[in-house]
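>>> Coordinates for the following, if possible.
(one chain, ligands or ions: 1)
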Amino acid sequence: MSYKIGTKCVQSGYSPKNGEPRVTPIYQSTTYKYESSEQMGRLFDLEENGYFYTRLANPTNDNIAARIADLEGGVAAMLTSSGQAASFYSMFNIVSAGDHILSSPAIYGGTFNLLNVTMRKMGIDISFISPDASVEEIIAASKPNTKCVFAETLSNPALTVLDIEKFAQAAHAIGVPLIIDNTFPTPINCRPFEFGADIVIHSTTKYMDGHATSVGGVIVDSGNFDWAAHAEKYPGLCTPDDSYHGVTYTEKFGKAAYITKCTAQLMRDLGSIPSAFNSFLLGIGLETLELRVKRHCENAQKVAEYLESHPKVSWVNYPGLKSNKYYDLAKKYMPNGSSGVVAFGLKDGRDSAVKFMDSLRLAAIVTHVADARTSVLHPASTTHRQLTDEQLRECGVAPELVRFSVGIEDAEDIIADLEQALAKA
Ligand SMILES: *Cc1c(COP(=O)(O)O)cnc(C)c1O
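Coordinates of the predicted model:
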């Protein structure tokens, strides 16, 4: 039985048997008991399924991961303790020193640093290719050692909409998977696997948790990429793993090969497992994801239209506005709305942006985005304050840019707050 997405938010991932707890329990246990050391040995050899140490797997985490896999339409998923860990593991699972990654530069700042600084230090080469590039240009930017293409569906904070089919076509012509960060739209608004993406990651910290309680991430595999057909590129998946007595993931685990390797190898060795308690909170957040995302988008559309008509506002960037560069792409990939995040600039620039923000009463100044409460950030005076105005423009962040994350309060109250603060700016 295949349910609609709103039903999956509530029901997927956990089906209690007779007399078992209705709600996914919090398995607050580091370890699991067995009757014989021989059986535990089989677990260590991946010969048998089961839990033995929470760093590798925990039942609460697995139930929530299964729900997210179902929401995205994937075959398997793994939770991580942050979105950053999910981004890193999703690539490092198939990329090693001497390899090359092709990425859109329109990505979250933290992911940009991960690629451009930390993964370079690990001997991994990176090229950035514009999201507006053609299929031919993307292919031309690849190298013989390219192992994956990375991009964001709706980028934070530039709100660039990705042409997923174009990137998937280019990645598959190169013979590598397309990995997509789908944090902002969530699977409610966009399911990248339906457009050819192979792997999806999220910072669950944002809309999925939805209440700003827990930092977390997830990696979901579509199961569609044929690793064995490109075995020479992916020896880690297609040749025996000496650290598991010679298991070959693609042979033993089929469509679950990628996530099994990610868990059995990367989580074992690097250990960014979320706590069962955080996963439990994430599960509660997911139950209302469809309701909340709808409301975030309705409110954001109203806020964007209000701002666009305001005389003190010089520009508004929201994919749901007809004036937006990505309006048509957004309609194709996110027909029900993009996200609750609106970016805009004030006519009087940086100083008036600060004055405006300090005058807001309902909207709180926080680094966070995408939770139930309306929040606001001025990147030029906070997250990007060490950059000059010129450097800011280079990374797509205008000095006057205000990132406004529209919550699920009543839209009239949010707009009234904007109105009084704009009057003072
Ligand atoms: C926040 C964010 C991340 C990083 O996630 P954390 O949970 O903060 O580690 C990655 N991608 C996007 C799009 C984000 O907004």
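>>> residue contacts, the residue of the stretch 51-200 of the chain found nearest the ligand?
Going by Cβ to the nearest ligand atom, the ligand is nearest to residue 83 of the stretch 51-200 of the chain, at 2.2 Å. Backbone N, C-alpha and C define where each C-beta goes, glycine included. If you count contacts by Cβ atoms under 8 Å, 6 or more residues apart in numbering, residue 83 has them with 108, 110, 181, 183, 201-206, 215-217.
>>> swap in residue 145?
Applying Cβ under 8 Å, 6+ apart to residue 145 gives the contacts 98-100, 125.
>>> pretty sure residue 89 contacts residue 268?
No: in this structure residue 89 lies outside contact range of residue 268 using Cβ atoms under 8 Å: 11.6 Å.
>>> Let me see the contact set for the closest residue to the ligand within the stretch 201-350 of the chain.
Residue of the stretch 201-350 of the chain nearest the ligand, by Cβ to the nearest ligand atom: residue 203 (3.0 Å). By Cβ under 8 Å, 6+ apart, residue 203 lies in contact with 82-84, 86, 108, 181, 183, 216-217.
>>> try 10 Å this time
80, 82-87, 108, 110-111, 156, 181-184, 209, 215-218, 369-370 (Cβ atoms under 10 Å, 6 or more residues apart in numbering).
>>> What is the burial count for residue 71?
Using other Cβ atoms under 10 Å, residue 71 has 26 neighbouring residues.
>>> Tell me how many other residues crowd residue 4.
Neighbours around residue 4, by other Cβ under 10 Å: 8.
>>> Need phi/psi at the closest residue to the residue of the stretch 201-350 of the chain closest to the ligand other than its chain neighbours.
Nearest in space to residue 203, with sequence neighbours left out and distances taken as Cβ to Cβ, 6 or more residues apart in numbering, is residue 83 at 2.5 Å. Main-chain torsions, residue 83, degrees, to the nearest 10: phi -70, psi -40.
>>> Confirm residue 268 sits in a strand?
No: under the criterion used here (DSSP: H, G, I helix; E, B strand; the rest coil), residue 268 is helix, not part of a strand.
>>> who are the neighbours in contact with it?
Going by Cβ under 10 Å, 6+ apart, residue 268 touches 53, 55-56, 243-244, 262.
>>> who wins for neighbours among those?
residue 262 (25 neighbours).
>>> quick one, phi psi at that one?
phi -60, psi -40.
>>> List only buried entries from the contacts of residue 203.
For these, a neighbour count by 16 or more other Cβ atoms under 10 Å gives the buried set as 80, 82-87, 108, 111, 156, 181-184, 209, 215-218, 369-370.
>>> List the ones among those residues that fall in helices.
83-87, 111 (DSSP state H).
>>> Kindly reformat the residues you listed as JSON lines containing pLDDT.
As requested, these are exported to JSON lines (pLDDT from 0 to 100):
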{"residue": "83", "pLDDT": "98"}
{"residue": "84", "pLDDT": "97"}
{"residue": "85", "pLDDT": "98"}
{"residue": "86", "pLDDT": "98"}
{"residue": "87", "pLDDT": "98"}
{"residue": "111", "pLDDT": "93"}
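>>> residues contacting residue 326?
If a contact means Cβ under 10 Å, 6+ apart, then residue 326 has 131, 154, 159-163, 317-320, 332-334, 338 as its contacts.
>>> Could you do residue 182 as well?
72, 152-154, 162, 164, 189-193, 197, 200-203, 218, 220.
>>> Same question for residue 322.
305, 308, 328.
>>> out of those residues, who's near the ligand?
Restricting these to those touching the ligand (Cβ under 6 Å from any ligand atom) yields no residues.
>>> Buried among those? Need that as a selection in PyMOL.
Here is the PyMOL command that selects the buried residues among the contacts of residue 322 (16+ other Cβ under 10 Å):
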select buried, resi 305+308
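>>> Can you list which of the contacts of residue 322 are found in helices?
When DSSP H is applied, the contacts of residue 322 are split such that 305, 308, 328 fall in helices.
>>> Show me what the nearest residue in space to the second one that is not next to it in sequence is bridged to.
Closest residue in space to residue 308, ignoring its immediate chain neighbours: residue 316 at 4.6 Å, by Cβ to Cβ, 6+ apart. For residue 316, the beta-bridge assignment (DSSP bridges) gives partners residue 344.
>>> which residues sit in contact with residue 316?
303-310, 323-324, 342-345, 404.
>>> Which among those residues count as buried?
Buried by 16+ other Cβ under 10 Å: 303-308, 324, 342-345, 404, out of the contacts of residue 316.
>>> Around the ligand, which positions in the stretch 101-250 of the chain sit nearby?
Applying Cβ under 6 Å from any ligand atom, one finds that the stretch 101-250 of the chain approaches the ligand through 108, 110-111, 152, 156, 181, 183-184, 203, 205-206, 215, 217.
>>> run the last query once more with 5 Å
With Cβ under 5 Å from any ligand atom as the criterion, the stretch 101-250 of the chain comes near the ligand at residues 108, 156, 181, 183, 203, 205, 215.
>>> ok, the second one touching residue 205?
Meaning residue 156. No: under the criterion of Cβ atoms under 10 Å, residue 156 makes no contact with residue 205, lying 11.4 Å away.
>>> list residues touching both of these two?
183, 369-370.
>>> show me the contacts for the residue of the stretch 251-400 of the chain found nearest the ligand.
Taking Cβ to the nearest ligand atom as the measure, the stretch 251-400 of the chain has residue 369 as its residue closest to the ligand, at 6.4 Å. For residue 369, the contacting residues are 156-157, 183-184, 203, 205-207, 212, 339-341, 375-377, 403-406, by Cβ under 10 Å, 6+ apart.
>>> Give me the three-state assignment for the residue lying closest to residue 176 once chain neighbours are set aside.
With Cβ to Cβ, 6+ apart as the criterion, residue 176 has its nearest non-adjacent residue at 5.2 Å, and that residue is residue 148. Of the three states, residue 148 takes strand according to three-state DSSP.
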